[in-house]
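>>> Provided below are the primary sequence and the corresponding predicted coordinates.
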Number of protein chains: 2
Amino acid sequence: MRTSDIPEIRSLRLFESMSESAFDSLMQAAYLQTFPAQLELIREGDPADFLYVLTDGCVEMFARTNQRETTMGMVHPVGTFILAAVLKDAVNLMSARTVQKSKLLLIPSANVRAAFERDEAFARAIVEELAGCYRGVVKDQKNLKLRSSVERLANRLLRFHQDQGASGSLDLPYDKRTLASLLGMTPENLSRAFNTLKPYGVEVDGATVHLSDVDSLARLAKPDALIDELAT
Amino acid sequence: MRTSDIPEIRSLRLFESMSESAFDSLMQAAYLQTFPAQLELIREGDPADFLYVLTDGCVEMFARTNQRETTMGMVHPVGTFILAAVLKDAVNLMSARTVQKSKLLLIPSANVRAAFERDEAFARAIVEELAGCYRGVVKDQKNLKLRSSVERLANRLLRFHQDQGASGSLDLPYDKRTLASLLGMTPENLSRAFNTLKPYGVEVDGATVHLSDVDSLARLAKPDALIDELAT
DNA sequence: CGGACTATTGACCGATATCAAATACCGTGG
DNA sequence: CCACGGTATTTGATATCGGTCAATAGTCCG
């Protein structure tokens, strides 16, 4: 990879505290590459040859079985994916595709495992990352099992709203079909869920959503720190 | 804790490769305790004070929000729980209660983190365990989002059947209410799902289930290695 | 102005939940 | 051993939620 990209990578949480030499040998083996939108990067069932680090763009994690497909999660910069499969030297449980043109760092799995053995600070960062991923999926599962689809949408809107500065309106960061699948419903149902939320001050205009009564929406959504808060 | 229990603990995958001294200091801080059935061991939202290792019995992981409750998973010997919260020094995302009288090892979180820093082999074992947990939840989520409740039941029965020796019949390891919640349905619906499976050779007699036509059940269930196989 | 894609709407259906009641099961105390 | 009370499970009736199919309406490009 180009040496000019190295400082950017080095500053990522995952790499910042590792030793110079371990970082160098990791980077020597890695590739930094830009991919076009809608490209399938990895496929579930394939061996995890690389650890992926997304530095720019957006990636959708999805899964298939019996010709059904669902979105498992969205990865935003800076995020990693298939870390667990890499560490276990196992096959991927999820597929991934770019949503937009995206810049990704690909680190060969064997090198990740070697660096993990060699560098204690990296091992700690890996565990931090992995534990965070784990807790993310647990929250997703609670969201799915404990809430109706309208509640899931309401909470997601509140989260987008927060993330984007709580200005009273928000932009949906991906298309509605993907959002629907992420929330565990069909596009048709998402459309109806938006209508259901109209009395709570939710006004949809294309990819923009205006929230004219956040309190009322929050009363419906009943956000829960142990599901909706990124930090915990 | 009693020194007589130490060899048993030492042989667990999580501890077997760690150094003698790190293991000793971990054990000196730990408690091995037996709890009665239906005792709430941890509550979501509370700080993760201990890493729990189940050596005997059975523990249900569950979660609540807005007076709804769902079973997130079942822990069998030898299994750990709330590892991620311990490593991140965070609050628990799930609650846990014993299903039966259970024997558990409680290791103070701070000691786990210290041992992780100190002992490389333990760090590796921790990561292996954590990655396994992560992949478990991902599989659960695929199961939930990609299958109907009847399919989930069918696959679960096939798994129990395998685990118990594929003899043509199996015992449900916990009561039907819990099974229903684990599978993401109501008890009433579980009962109906069993009826739906009758034409596929599923015969229920209390907690015992006879499978008279495993092939037919498998054709309905369409098990998927990336969801149903423990190993991968 | 097509053409392709995305989103919305309506009609309908099937899956799952809810509520109520009946029944089976189990442990306890007599 | 049996009756009793409590709990778990099953069954039936009904409601709600969410999915499917089909048609329509936008929307974005070329």
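Sure thing, it's come through.
>>> where's A:Y52, which helix or strand?
Assigned by DSSP states H and E, A:Y52 falls within strand A:50-56.
>>> and the next helix or strand after that strand, what does it pack onto?
Downstream of strand A:50-56, the next assigned helix or strand under DSSP H and E is strand A:59-65. Contacts defined by 3 or more CB pairs under 8 Å, 6 or more residues apart in numbering or on different chains; DSSP states H and E place strand A:59-65 against strand A:68-75, strand A:79-81, strand A:95-98, helix B:120-146, helix B:225-228. The way it works is simple: take the backbone N, C-alpha and C, and place the C-beta from them, glycine included.
>>> Can you pull up the residues of chain A that come close to DNA strand C?
Counting by CB under 7 Å from any atom of the strand, chain A comes close to DNA strand C at A:175-177, A:187-188, A:190-192, A:194-195, A:204.
>>> just to revisit the earlier point, now, of the helices and strands packed on strand A:59-65, which is deepest in the fold?
strand A:79-81 (a mean of 22; mean count of other CB atoms under 10 Å in any protein chain shown).
>>> Relative to A:R13, which of the residues of chain A next to DNA strand C is nearest.
Proximity of these to A:R13 (CB to CB) peaks at A:D175, which lies at 29.3 Å.
>>> quick one: contacts for the closest one?
A:A207 (CB atoms under 8 Å, 6 or more residues apart in numbering or on different chains).
>>> Confirm A:G165 sits in a strand?
No - A:G165 sits outside any strand when classified using DSSP: H, G, I helix; E, B strand; the rest coil, being coil.
>>> How is chain A divided into domains?
Domain ranges of chain A: A:3-144, A:147-228, per the TED database.
>>> Straight-line length of the last one, end to end?
Terminal residues of domain A:147-228 lie 12 Å apart, using CA to CA, to the nearest Å.
>>> any idea of the mean pLDDT in that domain?
For domain A:147-228, the mean per-residue pLDDT is 96.
>>> next one: stretch A:48-68
Per-residue scores along stretch A:48-68 average to 95.
>>> That one vs DNA strand D: in contact?
No - in terms of CB under 7 Å from any atom of the strand, no part of stretch A:48-68 sits within range of DNA strand D; the closest distance is 7.8 Å.
>>> about what we covered before: which among the residues of chain A next to DNA strand C are in contact with DNA strand D?
A:E188.
>>> Now the buried members of the residues of chain A next to DNA strand C.
A:190, A:194, A:204 (16 or more other CB atoms under 10 Å in any protein chain shown).
>>> Going by distance to DNA strand C, which of those wins?
A:V204 (5.2 Å; CB to the nearest atom of the strand).
>>> Pretty sure A:F194 is one of the things the closest one touches, is it not?
Yes - counting by CB atoms under 8 Å, A:V204 touches A:F194, with 5.0 Å between them.
>>> returning to that earlier point: relative to A:C58, which of the buried ones among the residues of chain A next to DNA strand C is nearest.
Among these, and counting by CB to CB, the member closest to A:C58 is A:L190, at 18.8 Å.
>>> Which helix or strand contains that closest one?
For A:L190, the host element (DSSP H and E) is helix A:187-196.
>>> which helices and strands does that helix pack with?
helix A:149-163, helix A:176-182.
>>> Could you give the number of residues near A:S109?
For A:S109, the neighbour count with other CB atoms under 10 Å in any protein chain shown is 20.
>>> An error on my part: the question was meant for A:R156.
Neighbour tally, A:R156, other CB under 10 Å: 17.
>>> Report the contact partners of the nearest residue to it once chain neighbours are set aside.
Among residues not flanking A:R156 along the chain, A:L183 sits closest, at 6.3 Å (CB to CB, 6 or more residues apart in numbering or on different chains). Counting by CB under 8 Å, 6+ apart, A:L183 makes contact with A:149, A:152-153, A:156, A:190.
>>> how much space is there between the closest residue to A:T186 other than its chain neighbours and DNA strand D?
Distances taken as CB to CB, 6+ apart place A:A180 nearest to A:T186, at 6.0 Å, with adjacent residues excluded. Separation of A:A180 from DNA strand D (CB to the nearest atom of the strand, to the nearest Å) stands at 8 Å.
>>> And A:S11, by the same measure?
Relative to DNA strand D, and taking CB to the nearest atom of the strand, A:S11 is found at 33 Å.
>>> Closest one to B:I42 out of the buried ones among the residues of chain A next to DNA strand C, please.
Looking across those and measuring by CB to CB, the closest to B:I42 is A:L190, at 35.6 Å.
>>> can I assume that closest one is in contact with A:R152?
No - at 10.0 Å, A:L190 and A:R152 do not qualify as touching, with contact defined as CB under 8 Å.
>>> so what's A:Q33 up against?
Counted by CB under 8 Å, 6+ apart, A:Q33 has contacts A:103-106.
>>> hmm, 6 Å instead?
Listed by CB atoms under 6 Å, 6 or more residues apart in numbering or on different chains, A:Q33 has no contact partners.
>>> That one bridge partners, please.
Bridge pairing for A:Q33 (DSSP bridges) gives the partners A:L104.
>>> Packing partners of the strand holding A:Y52?
Strand A:50-56 sits against strand A:79-81, strand A:102-108, with contacts defined as 3 or more CB pairs under 6 Å, 6 or more residues apart in numbering or on different chains; DSSP states H and E.
>>> Would you mind listing the buried residues in it?
For strand A:50-56, by 16+ other CB under 10 Å, it's A:50-55.
>>> and the gap between the residue sitting furthest away from the middle of chain A and B:L14?
In terms of distance from the mean C-alpha position of chain A, A:P199 ranks first, at 30.4 Å (CA atoms, centre = their mean). Per CB to CB, to the nearest Å, A:P199 is found 52 Å from B:L14.
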